[in-house]
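In: Below is the structure, and that's it, no one-letter string:
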């Protein structure tokens, strides 16, 4: 289907917005009136620029407070409309959005609304223009799509149809099934936005929290299916604005938006993207380290063995159980401090994963860094982390391990694999990152949680591929001034017996994060432990959490090396979380 | 009255929080449990540190989900409470906050709640501890203060009282008058917070938007009067947290909080601050300019005359009508770019204004910069702007003009005075700035408006001293990364006839901001103008706004010099606003 984006979704001047839309690959735009008013370009110049960029102008928006008013007010409104229709002719756009009236002057009279909208449509028809009437969720009398459609149906004018906006419909909890009662040719336009599920004033919600489909909590795909069932032939158009987008880079936002429409088409069953293939596990975590020694010493103390070295690069493979950590001291390491640079995910079919990622506009990397390397499909996540699609030691696929020369056998001191990876996201790209991991990598997002850190509140959202696939935790720094990378990322290793494992780590000289005694006093007040258990946790610095079903989580942290630290987690009883209740304690300890 | 602050109000470690509280001048603190849990100090060490700092610990908080539960659950809760009472004994705090139960396990049974709270109070009494029971606004069954008090009254236990929190009471729209029905000695604690008036889920509202009394929209002083009428003898204690405070400097937040309590005491009629004296006008705007020539040339083209020079410093006085601009090229100018450095306000009694400012913790500046200078009372606003309390040419007071040597007589080309000053505020200190201007300077805040800029959304709030006193507009940059100062500040001059004035400015070579033709097309669509008027505005670059009462606002802008530009405004018909509808046009034009 044709894909459009409202200029209000993107930051910058109108020219910057148009350029971003075409570069991302959109077919058309909605021109938001204020963007035109603030532009030094004439309407004719805007029309020419848009055409040069290969974009159509699909909608001019919005026209406000037109209908269901006194005769005098309506005469003034028609005068205003005539000016706008003239402008639209100069722009070459044939559809105008009319929002339901919000002014205190409007009356609750559907017959009057229908009559005046019909008169407006008469005038529009003279200009070859169609009027798309939309119910704002906060319209004074008309605030549901069913009501707006009833008025349009009453008017029965060929140049008058309705515009549907997923936010206005789903934010009010209206049942979108009723859309199927509208003839497709009377749906003149479809605007799409998602939003997190919040209980708040709908106008504020709309103004500050809209997001692209797939980033919030609405079933936008379900709504689109109902619209398509009517025979609607118009574009899918994004109308999203929030406090973050207004500040973000327009080019990136446009790509994020188009990706959301591509994924939405797939969910709505109207396109054939390469099929999703959820990863089945973590092949490795790759740390870039200007100086590989400190992190190597820590890994050794944690029982990891340096089992192999890359044939062509200064990259070491450290292994224990199914946990693999690459330590890359090569030239590609731009920053000296140790950081998490790449993640290998086990893909059922690496090439298919890469094709899907490419179709979803993920930036791809060369398959080979050097001629002799095993080919490896990889893309870059929004936070800059490389994601590699791996098939570790599966004979039917090339395996990355063939690039490594064996040096030693691994042994295990308790670590069985990688439980999860936690990545701090740049402030402006949190929702983008969630959509990327969901649509491109095939992970399922969990609920967002908010955690208090001594110097700020941050959001955290986990994604996973149930039942046994990889788990990623995306953390959002408290403010744009906290750049990603200034905060630590971490790799969490799974252990079967954390008490035994920690005992060994400590004996081997690993430094674990110190947990305040007050935490343990509180822990004992909250839970009754079997004899000696609490004392062991306190002595070893192990944190504890229990969910409402009795599932248990025991975990502890190493000290931080560069921007990276390690966690050890022991899950039992079906515990699915990440110990969020203990996060403030960990964060405060790390701040010291 | 004694003044306290909850440690959760302040950022940082517990030690940093305590230090900030004592430095600001608080008498006591509420210890928020998570701050204690995350601290490496033992309870005894915290008690000692607090005492050393001259603070009392007035409350330990919160204890959650205690009452109206099954016998088994209550037995566990009592066990938990015993641990906490033991901890409180080590801390030396005698009052604990118990919040009404929010868990799905609690039952709607007031008799059970009263019985279990009574048992809790029995246990507390053994430790010499009092239990203050508070209704959370989102408590499962108990969510109004009247309900919480009814349960406390039913229990009839000497160690059980109620805690009142202004947010929980006012956010639900409860009538605070009923507080007077509670005996003062049964109000064990009073927590104070304000909040902007929002329509949203009360828990999210509480978590993200609380602010200090005087910064939001609640009548906190009215509530305090009702509490005092009961004979309440405890402290006034702040419990405020929001997304900004968590990141802000603790020392500054503590001062801001104490200032809010001092102003609140005055509003509630329980203290005698030096009386407020609203300023009657703007004496001058002072620009610091490393190179005074560009701004001097602009002022000259705008019809200003350089009438005088400071006797001891390179400061020129430019005058036109009652508008005075100082251009300071002196050593105090830390940055080369021209910026608004100081504002002179006409005070009915400058010394009284300064005494009030000092009582409200405003940082004061020396009265004389040099020995021969006329003494001038001044303070520093939260954004760093100096505010000087002036008595221009009033014989009974020293006048700042005596420091200046007359050089020329001013003439007028239309400017009659300063209409308003617009100041960009640092992101973390917007609410602080509003309270400062309100409490310290005696200005009245108007509603907050939100404006769209091409690269972000920003908040704007005007303050004024009606009917004819000064007007200030505080603008909040879209994000913490937009430091105040990177955005322009401006001085708006009043004119009687903007068309005539702009004609003269242009003839004298002043560059005015160019307004897009599309703006004028839209303006003509919105309003019908008398013959020729619209054409004149378009030709001269004059913006136009009309309010709902027919009041009119005509304005235009100069180009920006350094970080400063000038506006010209002509008000008629009682227009009180600032042309907010035109702000996006202006901002986009300035971005080009």
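Out: Received, thanks. Owing to the predicted nature of the structure, the values given are computational and were not obtained by experimental measurement.

In: Would you map the helices across the stretch 251-400 of chain A?
Out: Taking DSSP state H, counting those that start in this stretch as the test, the helices found in the stretch 251-400 of chain A are A:293-301, A:350-359.

In: Thought residue A:68 was touching residue A:101, still the case?
Out: Yes - counting by Cβ atoms under 8 Å, residue A:101 touches residue A:68, with 5.6 Å between them. Heads up, the C-betas are built off the backbone N, CA and C, glycines and all.

In: Looking at the two, which is more packed in?
Out: Applying other Cβ atoms under 10 Å in any protein chain shown to residue A:101 and residue A:68 shows that residue A:68 carries more neighbours, namely 27 against 23.

In: what's near enough to touch the closest residue to the more buried one other than its chain neighbours?
Out: Nearest residue to residue A:68, sequence neighbours excluded (Cβ to Cβ, 6 or more residues apart in numbering or on different chains): residue A:113, at 4.1 Å. Neighbouring residues of residue A:113 by Cβ atoms under 8 Å, 6 or more residues apart in numbering or on different chains: A:67, A:68, A:101, A:142, A:151.

In: now these in CSV, with secondary structure and pLDDT?
Out: Compiled in CSV, the contacts of residue A:113 are given as follows (DSSP: H, G, I helix; E, B strand; the rest coil; pLDDT from 0 to 100):
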residue, secondary structure, pLDDT
A:67, coil, 98
A:68, coil, 98
A:101, coil, 98
A:142, coil, 98
A:151, helix, 98
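
In: which pair in the residues you listed spans the largest distance?
Out: A:101 and A:151 (11.0 Å; Cβ to Cβ).

In: between the contacts of residue A:113, which is nearest residue A:537?
Out: Nearest to residue A:537 among the contacts of residue A:113, with distances taken as Cβ to Cβ, is residue A:142, at 60.3 Å.

In: I'd like to know how far the closest one sits from residue A:110.
Out: Residue A:142 is 8 Å from residue A:110, where distance means Cβ to Cβ, to the nearest Å.

In: next one: residue A:514
Out: Residue A:514 is 69 Å from residue A:110, by Cβ to Cβ.

In: Residue A:492 - how many residues pack around it?
Out: 23.

In: My read is that it contacts residue A:419, right?
Out: Yes - using Cβ under 8 Å as the test, residue A:492 is close enough to residue A:419 to be in contact (4.5 Å).

In: which residues are common contacts for the two?
Out: The contact sets of residue A:492 and residue A:419 overlap at A:567, A:569 (Cβ under 8 Å, 6+ apart).

In: quick revisit: so what sits against both of residue A:101 and residue A:68?
Out: In contact with both residue A:101 and residue A:68: A:113, A:141, A:142, using Cβ under 8 Å, 6+ apart.

In: List just the nearest of these to chain B.
Out: residue A:141 (19.1 Å; Cβ to the nearest Cβ).

In: Select, out of the helices of the stretch 251-400 of chain A, the one closest to residue A:527.
Out: Comparing these by Cβ to Cβ, helix A:293-301 comes nearest, at 30.4 Å.

In: Please enumerate residues in contact with that closest one?
Out: Helix A:293-301 has contacts (Cβ under 8 Å, 6+ apart) with A:287, A:289, A:306, A:316, A:318, A:325, A:327, A:338, A:505, A:508-510, A:558, A:561-562, A:564, A:566.

In: from these, which would you call buried?
Out: A:287, A:289, A:306, A:316, A:318, A:325, A:327, A:338, A:505, A:510, A:558, A:561-562, A:564, A:566 (16 or more other Cβ atoms under 10 Å in any protein chain shown).

In: Quickly note the distance from the residue in the stretch 251-400 of chain A positioned nearest to chain B to residue A:435.
Out: Nearest residue of the stretch 251-400 of chain A to chain B: residue A:253, at 11.9 Å (Cβ to the nearest Cβ). Here residue A:253 is placed at a distance of 12 Å from residue A:435 (Cβ to Cβ).

In: Compare neighbour counts for those two and give me the winner.
Out: The neighbour comparison of residue A:253 against residue A:435 (other Cβ under 10 Å) goes to residue A:253, with 29 against 25.

In: which residues does the more buried one contact?
Out: Per Cβ under 8 Å, 6+ apart, neighbours of residue A:253: A:9, A:10, A:11, A:20, A:245.

In: Okay, and which of those map to strands?
Out: Secondary structure assignment by DSSP state E places none of the contacts of residue A:253 in strands.

In: In helices only, show me those residues.
Out: With helices taken from DSSP state H, the overlap with the contacts of residue A:253 comprises residue A:20.

In: Would you map the strands across the stretch 151-300 of chain A?
Out: Using DSSP state E, counting those that start in this stretch, the strands of the stretch 151-300 of chain A run over residues A:160-165, A:187-192, A:236-238, A:281-288.

In: Save those strands as TSV, and put in mean pLDDT too.
Out: Below are the strands of the stretch 151-300 of chain A laid out as TSV (pLDDT from 0 to 100):
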stretch	mean pLDDT
strand A:160-165	98
strand A:187-192	97
strand A:236-238	97
strand A:281-288	96
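
In: for those strands, which one ends up most surrounded?
Out: Neighbour counts (mean count of other Cβ atoms under 10 Å in any protein chain shown) averaged over each of the strands of the stretch 151-300 of chain A peak at strand A:236-238, with a mean of 28.

In: other SSEs contacting it?
Out: Here strand A:236-238 touches strand A:3-6, strand A:187-192, helix A:250-267, going by 3 or more Cβ pairs under 8 Å, 6 or more residues apart in numbering or on different chains; DSSP states H and E.

In: what's the distance between the shortest one and the middle of its chain?
Out: Going by Cα atoms, centre = their mean, to the nearest Å, the spacing between the C-alpha centre of strand A:3-6 and its chain's C-alpha centre is 18 Å.

In: which neighbours does it have in its sheet, and in what orientation?
Out: Sheet pairing for strand A:3-6, assigned by DSSP bridges, gives strand A:28-32 (parallel), strand A:236-238 (parallel).

In: avg pLDDT for that strand?
Out: Strand A:3-6 carries an average pLDDT of 97.

In: Residue A:546 - nearest residue in space that isn't next to it in sequence?
Out: residue A:552 (5.4 Å).

In: what's across from the one you found in the sheet?
Out: For residue A:552, the beta-bridge partners under DSSP bridges are residue A:546, residue A:572.

In: which ones are touching residue A:147?
Out: By Cβ under 8 Å, 6+ apart, residue A:147 lies in contact with A:110, A:135.

In: what about it, is that helix, strand or coil?
Out: Classification of residue A:147 using DSSP: H, G, I helix; E, B strand; the rest coil returns helix.

In: Distance check, it against residue B:211.
Out: Residue A:147 is 38 Å from residue B:211, where distance means Cβ to Cβ.

In: shaky segments in the stretch 1-150 of chain A?
Out: Applying pLDDT under 70 to the stretch 1-150 of chain A flags no residue at all.

In: residues in it within reach of chain B, list them.
Out: When proximity is defined as Cβ under 8 Å from any Cβ of the partner chain, the stretch 1-150 of chain A approaches chain B at A:11-13, A:33-34, A:36-40, A:42-43, A:76, A:79-80, A:83-84, A:87.

In: Just the buried ones from these?
Out: Taking 16+ other Cβ under 10 Å as the criterion, what is buried in the residues of the stretch 1-150 of chain A next to chain B is A:11-13, A:33-34, A:36-40, A:42-43, A:80, A:84, A:87.

In: Which member of the residues you listed is positioned nearest residue A:130?
Out: Nearest to residue A:130 among these: residue A:84, at 13.4 Å, using Cβ to Cβ.

In: Of the buried ones among the residues of the stretch 1-150 of chain A next to chain B, which is the nearest to chain B?
Out: For those, the nearest to chain B is residue A:38 (3.5 Å; Cβ to the nearest Cβ).
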